[in-house]
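J.: With the input below, show me the fold.
(chains A, B, C, D, E and F)
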Number of protein chains: 4
Amino acid sequence: MRTRDLILEEALKLFSEKGIKETTIRDIAKAVGITEGAIYRHFESKDQIVYELFDTYSSQLYEKMERAIKRGKDTEEKFRNMVMSFLDFAFKNPDAFRYLNLFHYLRGKEVKKFKHIPFLLLKDFILNMDREGLLRIEPEYALAMVTGTLERVFLYKNMGILKGRQDEVKKKTAELLWKSLTKC
Amino acid sequence: MRTRDLILEEALKLFSEKGIKETTIRDIAKAVGITEGAIYRHFESKDQIVYELFDTYSSQLYEKMERAIKRGKDTEEKFRNMVMSFLDFAFKNPDAFRYLNLFHYLRGKEVKKFKHIPFLLLKDFILNMDREGLLRIEPEYALAMVTGTLERVFLYKNMGILKGRQDEVKKKTAELLWKSLTKC
Amino acid sequence: MRTRDLILEEALKLFSEKGIKETTIRDIAKAVGITEGAIYRHFESKDQIVYELFDTYSSQLYEKMERAIKRGKDTEEKFRNMVMSFLDFAFKNPDAFRYLNLFHYLRGKEVKKFKHIPFLLLKDFILNMDREGLLRIEPEYALAMVTGTLERVFLYKNMGILKGRQDEVKKKTAELLWKSLTKC
Amino acid sequence: MRTRDLILEEALKLFSEKGIKETTIRDIAKAVGITEGAIYRHFESKDQIVYELFDTYSSQLYEKMERAIKRGKDTEEKFRNMVMSFLDFAFKNPDAFRYLNLFHYLRGKEVKKFKHIPFLLLKDFILNMDREGLLRIEPEYALAMVTGTLERVFLYKNMGILKGRQDEVKKKTAELLWKSLTKC
DNA sequence: CATGAATGAGGTTTCATTCAT
DNA sequence: TATGAATGAAACCTCATTCAT
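T.: Coordinates of the predicted model:
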């Protein structure tokens, strides 16, 4: 069953580099070192690969964030842990993270088939912060700021615009977001 | 020469809705009410349409931001004007804005063929703020926060997550970003 | 729109000779003298060709039989006319007739999408003969005998087993069936 | 050697239900509960399965009819026995019978490889009836009527159009055909 | 300027068959 | 004998682009 994983691995790489439509089954097969037909012994269709990759990694990120939140003593620590685990996942799985981001601009309704959407976890957390009276801005703006900043921090780190060690970046981003969101 | 503009108009709509690869020349022709062949009277290729749309709207946004900056008396007003003009463009041309965003995750090098990249204007502005000693965070982080937040504010407004009048949203976002970036 | 008809014509020929699954789009394209892609300007799919051919020719046969029945003065003449028009169609459109027969053994429920099924006309006619007290055998057996004999007469005529002029064959078959069905 | 028979059994079922081309080696393997490769331990190719099934069942039907004929005292009883044994086979082996019928409209020359073709037996019998002066119609028409009616009686019985016990149907059909063929 | 049929390359998928285990 | 992954050819279909009209 090694081949199946190889297919997923190479598909993820290619999808995140070139886009889903731009990646052909032949591209994937070539990357794995098999023929096109062989892929269909492991997956029913290209769509299934697309789906499975999304499901796997969004669940993975979701659970990582969930665990990170639980590890925190108070809301601030929970928030920082969550942000840092988010970036940790992105830095360790850049392809997967880029891949997950492909779905922001493409779908919407179809995403509801999936078990765990990290975005929803983040949203709940921030709504909770609001209920606790911690936010100095409306929660929707806070959400936009957190998700947007996190995505860009990853992007700019990967593009070389943002320098420094990963640990440092994670810490600084958590710090910066917490301060921006909460009453000074 | 009206047809040419109609083609661009419909192509923009379709590209931003379904994606570039997912939109066929036939789709565009049908939307305009002409046939496939006719498109090639006006454009050499599909790529040319893609290119021209990007060029047009990135220039438009760039110049709008440029003018907004000039209208400000001091750095704070310049910043607020820039942010607000950015969102103004996005709200008034949602298709164009979504379209421009398609290029963040797909290309990179190829973007260098274009005259005016709004991102570069923003970047320069923030570097300048840093030089003036206004930032309380490193400029790369500031850049990530501004670009990310702006994109998400637009996205969430369009998805209905973020409510309120456009004017209000623009003002609030400018306010929030300025406060987050600068020393309290 | 000539090409569209040519495609139908050649598809009919090939389907009736080799079978539907055994005939490829490429076979049809080659027979017409165009490329495979061109077929899809005229038809959405292979299935649509299959469907349209069935619809066209089953309607045609149905209506031909309907007119033939109307031309008869009494039941006997109506019956003979119907049988003869059935064979007339088969002899003049052997491919179409063979093609229609392909569906006896393949489908069943799906056939209900079609407007005019010759079989149903025949069935009604024979049930009517029964109500008039003309049959010496149960109507279901009469139906089996008529449909079965007609199909085989066509088949054997085409295979050369059954000799003689078409007109003769039509008349003899009508005679033979009428006598077999009715009280001597 | 049980597996070999199971393969034939399931292949027959699938072929007669869905058609030969429409049935894959994988379908057969799954139905038997083995894998694709295993089939090739027992058969050289799919074609061999197709061939062997035809050979087996056409011989079986042929011999059954032969024995039935021998059991009759005079021509009428021989004829009735033959017809009834034919239907008996069809009712007891509907898949096999449907399968044999697939070959009427598909092949022609290739059928000559086979030892025993029931059709030829029937043909000889009827030519003999003609020589004995028993037929009131030309033998080719008689042949068409017999083969056609038999096939349809089976078909309509299976489809539920023709009701009644199998024994009854067999007897009635034999009666009806004998009367239709011979001088009253 | 416009039509729309046609091309040709390439995409996804299917499937009989082979082969290492 | 059996497995099941892999092959390779071929099937259906798509689509940017060309071209005669």
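J.: Now do the helices in chain A.
T.: Listed in chain order, the helices of chain A (DSSP state H) span A:2-18, A:25-32, A:36-42, A:46-71, A:75-92, A:94-101, A:118-131, A:139-159, A:166-181.
J.: need these in TSV with mean pLDDT, can you?
T.: Converted to TSV, those look like this (pLDDT from 0 to 100):
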stretch	mean pLDDT
helix A:2-18	95
helix A:25-32	96
helix A:36-42	96
helix A:46-71	96
helix A:75-92	97
helix A:94-101	95
helix A:118-131	94
helix A:139-159	95
helix A:166-181	95
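J.: out of these, deepest packed?
T.: Burial of the helices of chain A is given as mean neighbour count (mean count of other Cβ atoms under 10 Å in any protein chain shown); helix A:139-159 ranks first at a mean of 23. Placement of C-beta: from N, CA and C, glycine included.
J.: could you give the angle of that helix to helix B:139-159?
T.: On the basis of axes from the mean of the first three to the mean of the last three Cα atoms, to 10 degrees, helix A:139-159 is oriented at 130 degrees to helix B:139-159.
J.: so what's A:L181 up against?
T.: Contacts for A:L181 (Cβ atoms under 8 Å, 6 or more residues apart in numbering or on different chains) come out as A:129, A:134-137, A:142, A:145-146.
J.: mind checking how far it is from D:E9?
T.: 70 Å (Cβ to Cβ, to the nearest Å).
J.: go on, A:E175?
T.: As judged by Cβ to Cβ, A:E175 and D:E9 stand 72 Å apart.
J.: Kindly report the same for A:I34.
T.: Taken as Cβ to Cβ, the span from A:I34 to D:E9 is 35 Å.
J.: now do A:L121
T.: With distances taken as Cβ to Cβ, A:L121 is found 55 Å from D:E9.
J.: and if you look at A:N81?
T.: A:N81 is 63 Å from D:E9, by Cβ to Cβ.
J.: Looking at the contacts of A:L181, spot the one nearest A:K18.
T.: A:V146 (28.8 Å; Cβ to Cβ).
J.: Just put the contacts of A:L181 in CSV and tack on distance to chain C.
T.: Converted to CSV, those look like this (distance: Cβ to the nearest Cβ, whole Å):
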residue, distance to chain C
A:M129, 53
A:L134, 58
A:L135, 54
A:R136, 58
A:I137, 53
A:A142, 50
A:M145, 48
A:V146, 47
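J.: so can I have TSV of the residues you listed showing distance to C:I161?
T.: Output for the contacts of A:L181, formatted as TSV (distance: Cβ to Cβ, whole Å):
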residue	distance to C:I161
A:M129	89
A:L134	93
A:L135	91
A:R136	96
A:I137	91
A:A142	87
A:M145	86
A:V146	84
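J.: and the closest residue to A:G164 other than its chain neighbours, what is it in contact with?
T.: Distances taken as Cβ to Cβ, 6 or more residues apart in numbering or on different chains put A:K172 closest to A:G164, at 7.7 Å, once the chain neighbours are dropped. Taking Cβ under 8 Å, 6+ apart, we find A:K172 in contact with A:164, B:137-138, B:141.
J.: Quick one: which of the residues you listed is the most crowded by neighbours?
T.: B:Y141 (25 neighbours; other Cβ atoms under 10 Å in any protein chain shown).
J.: quick one: contacts for it?
T.: Each residue near B:Y141 by Cβ under 8 Å, 6+ apart is listed here: A:153, A:162, A:172-173, A:176.
J.: Farthest pair within these?
T.: Pairwise distances across the contacts of B:Y141 peak at 12.0 Å for A:L162 and A:L176 (criterion: Cβ to Cβ).
J.: Flag every residue of chain A that's near DNA strand F.
T.: Taking Cβ under 7 Å from any atom of the strand as the criterion, the neighbours of DNA strand F within chain A are A:1, A:3, A:34-38, A:41-42.
J.: ok, so of the residues you listed, who is nearest chain B?
T.: When the residues of chain A next to DNA strand F are compared for distance to chain B (Cβ to the nearest Cβ), A:E36 wins out at 19.5 Å.
J.: how near is the closest one to A:H42?
T.: For A:E36 relative to A:H42 (Cβ to Cβ), the value is 12 Å.
J.: again with A:Q166
T.: Distance from A:Q166 to A:H42, counting by Cβ to Cβ: 33 Å.
J.: what's A:E44 sitting at in phi/psi?
T.: phi -70, psi -30 (degrees, to the nearest 10).
J.: Identify the residues contacting the residue of chain A at minimum distance from chain B.
T.: Proximity of chain A to chain B (Cβ to the nearest Cβ) peaks at A:G148, 2.9 Å away. By Cβ under 8 Å, 6+ apart, the contact set of A:G148 is B:145, B:147-153.
J.: and if we set it to 6 Å?
T.: Counting by Cβ atoms under 6 Å, 6 or more residues apart in numbering or on different chains, A:G148 makes contact with B:148-149, B:151-152.
J.: Closest to the centroid, which residue in chain A?
T.: By Cα atoms, centre = their mean, chain A has its centre lying nearest to A:F97, at 4.2 Å.
J.: Leaving out chain neighbours, which residue sits closest to that residue?
T.: Nearest one to A:F97, counting by Cβ to Cβ, 6+ apart, is A:A90 at 4.0 Å.
J.: The one you found and A:V153, how far apart?
T.: In terms of Cβ to Cβ, A:A90 sits 8 Å off from A:V153.
J.: likewise A:Q48?
T.: For A:Q48 relative to A:V153 (Cβ to Cβ), the value is 32 Å.
J.: same thing with A:E10?
T.: Separation of A:E10 from A:V153 (Cβ to Cβ) stands at 27 Å.
J.: What residue in chain A comes nearest to chain D?
T.: A:R41 (10.6 Å).
J.: how close does the residue nearest to A:E132 when sequence neighbours are not counted get to A:I126?
T.: The shortest distance from A:E132 to any non-neighbouring residue, by Cβ to Cβ, 6+ apart, is to A:T75 (6.3 Å). With the distance defined as Cβ to Cβ, A:T75 ends up 11 Å from A:I126.
J.: And for A:L143?
T.: Counting by Cβ to Cβ, the gap between A:L143 and A:I126 amounts to 5 Å.
J.: With A:I137 instead?
T.: A:I137 is 10 Å from A:I126, by Cβ to Cβ.
J.: Check A:R136 too.
T.: 13 Å.
J.: about what we covered before: filter the contacts of A:L181 down to the ones near chain B?
T.: With Cβ under 6 Å from any Cβ of the partner chain as the criterion, these include A:137, A:145 near chain B.
J.: per-residue pLDDT, whatever residue of chain A ends up closest to chain C?
T.: Minimum separation of chain A from chain C (Cβ to the nearest Cβ) falls at A:S45, amounting to 18.0 Å. At A:S45, the model reports a pLDDT of 96.
J.: residues in contact with it?
T.: Contacts of A:S45 (Cβ under 6 Å, 6+ apart): none.
J.: Please report phi then psi for it.
T.: The phi/psi pair for A:S45 (degrees, to the nearest 10) is phi -160, psi 170.
J.: separation between it and A:Y51?
T.: Distance from A:S45 to A:Y51, by Cβ to Cβ: 9 Å.
J.: ditto for A:Y62
T.: Distance from A:Y62 to A:Y51, by Cβ to Cβ: 16 Å.
J.: again with A:D124
T.: A:D124 is 24 Å from A:Y51, by Cβ to Cβ.
J.: try A:E36
T.: Applying Cβ to Cβ to A:E36 and A:Y51 gives a distance of 19 Å.
J.: Over to A:K171?
T.: Taking Cβ to Cβ, one finds A:K171 at 35 Å from A:Y51.
J.: Ok, A:N93 next?
T.: Taking Cβ to Cβ, one finds A:N93 at 18 Å from A:Y51.
J.: Might you report the residue contacts of the closest residue to DNA strand F within chain A?
T.: At 2.0 Å from DNA strand F, A:G37 is the closest residue in chain A, using Cβ to the nearest atom of the strand. Applying Cβ under 6 Å, 6+ apart to A:G37 gives no contacts.
J.: what do you get for A:V32?
T.: Contacts for A:V32 were tallied using Cβ under 6 Å, 6+ apart; they are A:6-7, A:10.
J.: and with 7 Å instead?
T.: Contact partners of A:V32, counting by Cβ atoms under 7 Å, 6 or more residues apart in numbering or on different chains, are A:3, A:6-7, A:10.
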